[in-house]
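Novice: I would like to see how this sequence folds:
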Amino acid sequence: MNEFISVIITAGGSGTRMGADVPKLEIKIDGHTILEHTLSKFIDLKYIDEIIIVAPKELLAEYKTRYEDEKIKVVEGGNSREESTFRGLCSISDRSTIVICHDGARPLVDERIIEDSIKSAIEFGSAVAAVKSKDTIKRADKTVIETLNRDELYNIQTPQTFKTEILKSAYKNYKRFKVTDDASLVENLGKEVYLVEGSYKNIKVTTPDDLIIAKAFLENEKEEKSCELE
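Specialist: Model (predicted):
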């Protein structure tokens, strides 16, 4: 690829909803933290040029010791996911042409999703991993207001990938908007945001139930890799 590809991994999250006594991404599955599992999906990809881990202040020094090398940089995050991504953007290389934003709590992303996201961002300027909603969604306020057309509804995931110049433009005024993902800021620019097929496995580990599911999927991945080596 004739692109300089940056990855921003947001690594915040207190683990409150997890009921854990350690930060969420420090919870271990099969001897490795959730963040380490996530990082492993990007670190060995030859077309990834740099990875920025945006860490909470209390883990900044630890993560710098643990992860920083010639490909990985650790920077301090902000008070929100948007501020953390903004700080990550401020730390990427001036050579960056494509930037991938990914939740540290999504350790089950696979290479197919990453590659499809990059290809879409190169061609169209954007790529957001998404899967069709399996459930009927109703808009309600104590009682049902309307039932939405499920054929038009998607569950949005990460990676969310953009041409670097587009995402930087979108984040110039990020404080003016209350959003829950990077794509929303790009939408506010009036830019079209393209979807790529995600995976129902690509869950965000938020609750104890998610941890059980992630553990099962990661163990299955490990078994599949062992079979390939035999």
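
Novice: please enumerate the strands of the chain.
Specialist: 5-10, 28-29, 32-33, 50-55, 72-76, 98-103, 126-132, 138-141, 143-147, 154-163, 195-197 (DSSP state E).

Novice: for Arg87, give me its contacts.
Specialist: 54, 75-78 (CB atoms under 8 Å, 6 or more residues apart in numbering). In this view, the C-beta of every residue, glycine as well, is placed from N, C-alpha and C.

Novice: try it again at 10 Å.
Specialist: Neighbouring residues of Arg87 by CB atoms under 10 Å, 6 or more residues apart in numbering: 8, 10, 52, 54, 75-78.

Novice: and those, which are buried?
Specialist: Buried subset of the contacts of Arg87 (neighbour count, 16 or more other CB atoms under 10 Å): 8, 10, 52, 54, 75, 77-78.

Novice: redo the contacts of Arg87 as CSV? Include pLDDT and distance to Val22.
Specialist: CSV is the format used below for the contacts of Arg87 (pLDDT from 0 to 100; distance: CB to CB, whole Å):
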residue, pLDDT, distance to Val22
Ile8, 98, 23
Thr10, 97, 18
Ile52, 98, 23
Val54, 97, 18
Val75, 97, 21
Glu76, 96, 19
Gly77, 94, 17
Gly78, 92, 21
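
Novice: closest one of those residues to Ala170?
Specialist: Of all these, the one sitting nearest Ala170 is Ile8; the distance, using CB to CB, is 13.3 Å.

Novice: how near is that closest one to Lys24?
Specialist: Taking CB to CB, to the nearest Å as the measure, Ile8 falls 18 Å from Lys24.

Novice: in the buried ones among the contacts of Arg87, find the pair that's most separated.
Specialist: Of all pairs drawn from these, the greatest distance, 13.4 Å, lies between Ile52 and Gly78 (CB to CB).

Novice: between those two, which contacts overlap?
Specialist: What both Ile52 and Gly78 touch, as defined by CB under 10 Å, 6+ apart, is the set 10, 85, 87-88.

Novice: do you know how far the spatially most central residue of the chain is from Ala11?
Specialist: With distances taken as CA atoms, centre = their mean, His102 lies nearest the centre of the chain, 1.8 Å away. Going from His102 to Ala11 by CB to CB gives 10 Å.

Novice: find the residues that touch each one of those two.
Specialist: Taking CB under 10 Å, 6+ apart as the criterion, His102 and Ala11 both touch 38-39.

Novice: looking at this protein, which helix or strand is least sure?
Specialist: helix 208-229 (a mean of 86; mean pLDDT, DSSP states H and E).
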